[in-house]
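Visitor: Just a sequence and a predicted model for now, questions to come.
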Amino acid sequence: MDCIKFVLAGEDNKLLANFKNTLSSNGMIYTGYAKEPGNILRLVRTHLPEYIVIDVGKNFTKLRPLLEIIDEEMLAACTLVLDIKSDEISDFLRNSRVMTYVTKPVFDEIINQIAELSILNFKRVWEYEQKVKKLNDTLESRKVIEKAKWILVQQKGLSEAEAYELIKKTSRDNRIPMKYIADAIILTRS
C-alpha cells in the first residue's frame, strides 16, 4: 500500500491518531485532518487522497450528505468508523459503491486489513464503472453512425456498406472520430 494518500475526519482524536500511526507505518501518506463536514469535502477535493477514514460517531445524519457526495462522485475509498450500526446506516452502506465500515473498538491489526480491502474494492468498482462508461459511449457512437449511414443511403442512394465506408474514409482522411462525422451528417440533414 505504498504511496497511497489518506485523510482522516471525525471527533475521536485518539482513534484517528491510531489510524494515522498504523497506516503511516504501513507506508501510506497522511495528508490531513478535518472535523466539520464542509471542511472534510474541501480537504478531500484539495488533497485528492485514495483513502478516507471518517469517525462517524453519532453524527451519521449530519455526515450523510457528505458521504453521498463521496460515494456518488467516487472521490476515494472510504471507511466509516461506527459506534453502532443502525438500520439507516445499513441501508446506506448496502447502496454505496465506495464505503466500507468497521465498528468500535478498532484494533491495530484490523486497521491495515480494512484499509487494504477498502482500496481494493474501490479500485474494482472504479474499473467496472470505467468499462461501463466506455461501453455506453461505444453504443451511443454506433447509434449515431447507424443513423448517419441511413441518411446517406436515403439522400445519396448508397448501399449500407458504401455509406459506412464513406463515413469511415471521411473520418480517417480528416483524423476525426467517426461519431463526429456522423453527427455532422445528421446536423446537415436538419
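Guide: Thanks, I have it.
Visitor: can you give me how far stretch 73-87 is from the chain middle?
Guide: 15 Å (Cα atoms, centre = their mean, to the nearest Å).
Visitor: same check, this time on stretch 144-155
Guide: How far stretch 144-155 lies from its chain's middle: 36 Å, per Cα atoms, centre = their mean.
Visitor: Stretch 171-186 now?
Guide: Distance, centroid of stretch 171-186 to centroid of chain: 30 Å (Cα atoms, centre = their mean).
Visitor: and that stretch, how far apart are its ends?
Guide: Using Cα to Cα, to the nearest Å, one end of stretch 171-186 lies 15 Å from the other.
Visitor: quick one: contacts of that stretch?
Guide: Residues outside stretch 171-186 that contact it (Cβ atoms under 8 Å, 6 or more residues apart in numbering): 140-141, 144-145, 147-149, 151-152, 167-168, 170. All C-beta atoms are positioned from the backbone trio N, CA, C, and that covers glycine.
Visitor: Is it possible to mark the buried ones in those residues?
Guide: Neighbour-count burial (16 or more other Cβ atoms under 10 Å) applied to the contacts of stretch 171-186 gives 141, 144-145, 148-149, 151-152, 167, 170.
Visitor: what bits of this structure have low per-residue confidence?
Guide: The model of the chain has pLDDT under 70 over residues 1-2, 190.
Visitor: What are the boundaries of the strands in it?
Guide: Remark: strands assigned in the chain by DSSP state E are 5-9, 29-34, 51-57, 77-82, 99-103.
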